[in-house]
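1. Show me the folded form of this:
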Amino acid sequence: MIIRNVDDLPKALSLINRSFELVFDIETTGLNVRRDKHIGFGLCNPLTLEAHYVITKEWKDNKLVELIPTELTKPLLERLKSKKLITHNGSYDTRLTYHYTGAALWSSLHADTMLMAHTIDENRFSYGLKDLAAEFLGADSKDAQREMKESIKANGGSDKEYFKADSELMATYGLADVIMTAKLYNLFNAELKKQNLTEFFYNDEVMPLYKNVTIPMELKGIPVDLPLIERSYEAIKADLTLIEDSIQAQIAPLLPTFHDWFINKEYPFKLSGESKQVLAELYPVDNWPKTKSGAYSFSKIDYHKAYKNCPMQFSKLADWTIHLTEQVPKNVQRQVSLELLRRQGTKYTFNLLSKHHLKKLFFDTLGEKALSHTDKGAPQVDDDFLELMATKYPWASELQTFNKLTKIKGTYHERFINESDNGRFYPSFYQHRTTSGRYSGDAQQLPRKKSAEEMPNELVRRYTNEIRDFFISGEGYKLVDADYTSLEVVVFADDAADEALLDIIRKDLDFYSQVAIEVYGLEGYSADKNAPNFLKKLKSDLRQLAKAFALGIRYGMTAFKLSKELGITQEQAEIIIQRYLARFPKLAARMEQLKNDAITKGFVKTKSGRIRHLGQLKDLIAKYGPCLLNSLELWKQYGDSGSYYNYVKMQGRTARNLVNNALNFPIQGQAASIVSRASIALSKALKAENLEAYIALSVHDELCVLAPDEEVERVSALMQFHMENTTKLSVPLQAEPQIGTTYGAVK
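-> The predicted structure is shown next:
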């Protein structure tokens, strides 16, 4: 039912009162949750599929006209707090609703079909409502979308201005959305139960994380030091200009052929007013007529007047302007094109950020050989290739720096400046964009501060280390941050249940030093960080070698890959792998168990209950046999099959990658759950004690809380307790809080 006036609002209230669960969805004027407005909202009972759509505003006479005042819809929306709300992308709906109406609904969220779909199948490309409805319900929204666009256009709007569509059509569209969401909820709910994901995972982790941590983080944001960001932005722009000027000066002798190609392709010389203007300026003729603005005039009257007054001086230019493309020499055409480019703001025709331009320079001009190719066979200019070129050309090393600084500027400086609002930045945290369950989004890209050893390039290091300082506590507040100590290693040892590995954690030994001692049979060295014969101090190179395989073997690293990593033969790499697995025997057993689960069941699970679906692996092994996982066995069975062998070999690569996913997931997924469940417990504890403090950032294995000065001590205690005790492993978890006024200071 469509409701468009105050008198019919009781019908929507009746639906709310009669429903235990309710789908809730909004239509708005845009995507900015802090600035845009409701134009309507839909409600649907998922049990009966009874649905209402309330039109609050409509586009009429080139303006938004209010049909039902917000002061009347807010009490209606407040009633939703007592219901189990079902949404699709509820973070957006609840945050915009809160900013526009004041109704805080996120605590009432019961389910979100986007997150349900991800929990059921984390391998999906799209979790959009229309895509899910098309696949699971056979719903085709193309006609409705076409009608909407036609209506928007008729009302003078652009494709994205949905609020300008006819209000009845918009309401029909909104009704369809809540009904689709309700149907998907019913389907996904049944599938979650079928996979035993409902009680101990989806309801214990996914939704509590969403409504207690994710949405509040996105809603409240974190203060930023805009003056510092702007100063840093100007500095990095200046450094980029200096580096580009240096590179361009060095490669200039290599570019004549490139310039000809570029100009002919992108800016071919042609008869135009601009070309004539530039030509006249480059080769001026005395007494040539000009306009009031000082530009050369090419009107017919002035053209003939000029020829009459000074035929000798004019004749050459006259020929050029009459038959411009035929008469102007090629070198002059090139001058004109370059000047036009300059006036358009193009300082250099060679774009250092263009892979196509770099390919022409490296492969066509310099004759270098590519290290890798795309699927279509085209040579690639990637990081590995530039690393090699930097050993041959000084400017290639500068190009590496230029690329890194350009990425920092775009990813951090420009985004923080453009998207900050009233001195705060509002990061996006996505729970549905990774297979492990870790967050994806802005904050996940924040780099840790690097030492000179970790990042030798001083300029890149300086700007990298400045990024975390952009986030601040603000006056009267502190940032309380805690990062799990070696979480991946701890989960790795717990997952293997190998006493020798667990002992390394219990005795607080340096993990990689101990692995090196065990595998290389080193005597007279210790993994004790305080011992005088600590391996890391005396033989740091051997410890570094161990870092290449200590976790990698468990994740499926082959002898071939390890040999490349360490620069040794495959035979030597195989010996390392065998020694490693022999010293920690339960690792091999665990790896075999996971591989068998993936092949026979089509999935593996974390201890917290998250599933990694690997049905493709199960299907491939069923079709081609276990030989798919062994290159030699694969060749023995299919080597005589001609081109079919190449096809099966590709399937083998896919299968081996899926096995590696099965080996990796229980550790990465469990680590993600440890952080997620700790953040849920901490957020509930802060709320239970009525503290103003809230989790502002969740980055990899760390949590950062913004707290008033007077709450810092209590927040620190709560943070450490819940991070170390919410999930219990066979070895203790450690997370010691740090306190500061900038994010860089606490990390």
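2. List the contacts of the spatially closest residue to residue 56 that is not a sequence neighbour.
-> Leaving aside its sequence neighbours, residue 56 sits nearest to residue 68 (Cβ to Cβ, 6 or more residues apart in numbering; 4.9 Å). No exception for glycine: its C-beta is placed from N, CA and C like everyone else's. The contact partners of residue 68, by Cβ atoms under 8 Å, 6 or more residues apart in numbering, come to 3-6, 9, 54-56.
3. Relative to residue 22, how far out is residue 68?
-> 19 Å (Cβ to Cβ, to the nearest Å).
4. gap between the two ends of stretch 367-382?
-> End-to-end distance for stretch 367-382: 16 Å, by Cα to Cα, to the nearest Å.
5. I would like the residues contacting that stretch, please.
-> 355, 358-359, 362-363, 384-385, 388-389.
6. Pull out the buried members of the contacts of residue 68.
-> If you count burial by 16 or more other Cβ atoms under 10 Å, the buried members of the contacts of residue 68 come out as 3-4, 9, 54-56.
7. These in helices, which ones?
-> residue 9 (DSSP state H).
8. I'd like the buried ones among the contacts of residue 68 as a markdown table, with pLDDT appended.
-> Compiled in a markdown table, the buried ones among the contacts of residue 68 are given as follows (pLDDT from 0 to 100):
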| residue | pLDDT |
| --- | --- |
| 3 | 97 |
| 4 | 94 |
| 9 | 95 |
| 54 | 97 |
| 55 | 97 |
| 56 | 97 |
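9. Which single one of the buried ones among the contacts of residue 68 is nearest to residue 180?
-> residue 54 (18.0 Å; Cβ to Cβ).
10. Point me to the helix or strand that includes the closest residue to residue 468 other than its chain neighbours.
-> Counting by Cβ to Cβ, 6+ apart, residue 468 lies nearest to residue 744, which is 3.8 Å off, once chain neighbours are set aside. Assigned by DSSP states H and E, residue 744 belongs to helix 743-746.
11. Give me the distance from that helix to the chain's centre.
-> 23 Å (Cα atoms, centre = their mean, to the nearest Å).
12. Show me what the host helix or strand of residue 544 packs onto, helices and strands only.
-> For residue 544, the element it lies in under DSSP H and E is helix 540-547. Judged by 3 or more Cβ pairs under 8 Å, 6 or more residues apart in numbering; DSSP states H and E, helix 540-547 is in contact with helix 511-520, helix 535-538.
13. hmm, 6 Å instead?
-> Applying 3 or more Cβ pairs under 6 Å, 6 or more residues apart in numbering; DSSP states H and E, we find helix 540-547 packed against helix 511-520.
14. Let me see the mean pLDDT of the helix it packs on.
-> Averaged over helix 511-520, pLDDT sits at 95.
15. Run a quick neighbour tally on residue 253.
-> Look at residue 253: counted by other Cβ atoms under 10 Å, it has 7 neighbours.
16. Kindly report the same for residue 266.
-> Residue 266 sits with 11 neighbouring residues when counted by other Cβ under 10 Å.
17. Over to residue 193?
-> Around residue 193 there are 12 residues (other Cβ under 10 Å).
18. same for the host helix or strand of it, what does it pack against?
-> Using DSSP H and E, residue 193 sits in helix 167-194. Under the contact criterion of 3+ Cβ pairs under 6 Å, 6+ apart, helix 167-194 touches strand 21-28, strand 38-44, strand 51-55, helix 113-120, helix 129-137.
19. These into JSON lines, with extra columns for distance to residue 522?
-> Formatted as JSON lines, the helices and strands packed on helix 167-194 follow (distance: least, Cβ to Cβ, whole Å):
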{"stretch": "strand 21-28", "distance to residue 522": "62"}
{"stretch": "strand 38-44", "distance to residue 522": "66"}
{"stretch": "strand 51-55", "distance to residue 522": "70"}
{"stretch": "helix 113-120", "distance to residue 522": "46"}
{"stretch": "helix 129-137", "distance to residue 522": "55"}
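20. Give me the phi and psi for residue 335.
-> Phi and psi for residue 335, reported as degrees, to the nearest 10, are phi -60, psi -40.
21. For the residue nearest to the spatial centre of the chain, list each beta-bridge partner.
-> With distances taken as Cα atoms, centre = their mean, residue 441 lies nearest the centre of the chain, 5.0 Å away. Legend: beta-bridge partners of residue 441 under DSSP bridges are residue 429.
22. pLDDT of the top helix by length along the chain, averaged?
-> Longest helix in the chain by number of residues (criterion: DSSP H): helix 643-688. Mean pLDDT, computed over helix 643-688, is 96.
23. That helix: how far from the chain's middle?
-> With Cα atoms, centre = their mean, you get 17 Å for helix 643-688.
24. Who are the packing partners of that helix?
-> Looks like helix 643-688 contacts helix 207-209, helix 487-496, helix 585-601, helix 615-624, helix 631-638, strand 694-699, helix 712-725 (3+ Cβ pairs under 6 Å, 6+ apart).
25. between those, which gets nearest to residue 573?
-> Here helix 631-638 is closest among the helices and strands packed on helix 643-688 (Cβ to Cβ), at 15.2 Å.
26. who does the closest one touch, helix- and strand-wise?
-> helix 643-688.
27. rerun at 10 Å
-> helix 615-624, helix 643-688 (3 or more Cβ pairs under 10 Å, 6 or more residues apart in numbering; DSSP states H and E).
28. Determine which stretch of those is the most buried.
-> helix 643-688 (a mean of 19; mean count of other Cβ atoms under 10 Å).
29. That one versus strand 694-699: what angle between them?
-> 160 degrees (axes from the mean of the first three to the mean of the last three Cα atoms, to 10 degrees).
30. Start at 41, not 1
-> Done: numbering now begins at 41, and the last item shifts to helix 683-728.
31. what about residue 573, how many neighbours?
-> So residue 573, with other Cβ under 10 Å, has 12 neighbours.
32. follow-up on the earlier one: any idea how far the residue nearest to the centre of the chain lies from residue 738?
-> Residue 481 is 10 Å from residue 738, by Cβ to Cβ.
33. Quick check: neighbours shared by those two?
-> 254, 257, 467, 469 (Cβ atoms under 10 Å, 6 or more residues apart in numbering).
34. Now do the second one: how many residues are near it, please.
-> Residue crowding around residue 257 was assessed by other Cβ under 10 Å; the count is 26.
35. part of a helix, is it?
-> Yes. Under DSSP: H, G, I helix; E, B strand; the rest coil, residue 257 sits within a helix.
36. Return the residues in contact with the closest residue to residue 429 other than its chain neighbours.
-> Nearest residue to residue 429, sequence neighbours excluded (Cβ to Cβ, 6+ apart): residue 436, at 3.9 Å. Applying Cβ under 10 Å, 6+ apart to residue 436 gives the contacts 287, 290-291, 398, 401-402, 425-430.
37. Turn those into a markdown table, including pLDDT.
-> Below are the contacts of residue 436 laid out as a markdown table (pLDDT from 0 to 100):
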| residue | pLDDT |
| --- | --- |
| 287 | 97 |
| 290 | 97 |
| 291 | 97 |
| 398 | 96 |
| 401 | 96 |
| 402 | 96 |
| 425 | 94 |
| 426 | 95 |
| 427 | 94 |
| 428 | 95 |
| 429 | 96 |
| 430 | 95 |
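38. Adding neighbour count and secondary structure as columns, could you present those in a markdown table?
-> Shown next, in a markdown table, are the contacts of residue 436 (neighbours: other Cβ atoms under 10 Å; DSSP: H, G, I helix; E, B strand; the rest coil):
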| residue | neighbour count | secondary structure |
| --- | --- | --- |
| 287 | 22 | helix |
| 290 | 15 | helix |
| 291 | 20 | helix |
| 398 | 20 | helix |
| 401 | 21 | helix |
| 402 | 20 | helix |
| 425 | 19 | helix |
| 426 | 18 | helix |
| 427 | 13 | helix |
| 428 | 13 | helix |
| 429 | 20 | helix |
| 430 | 16 | coil |
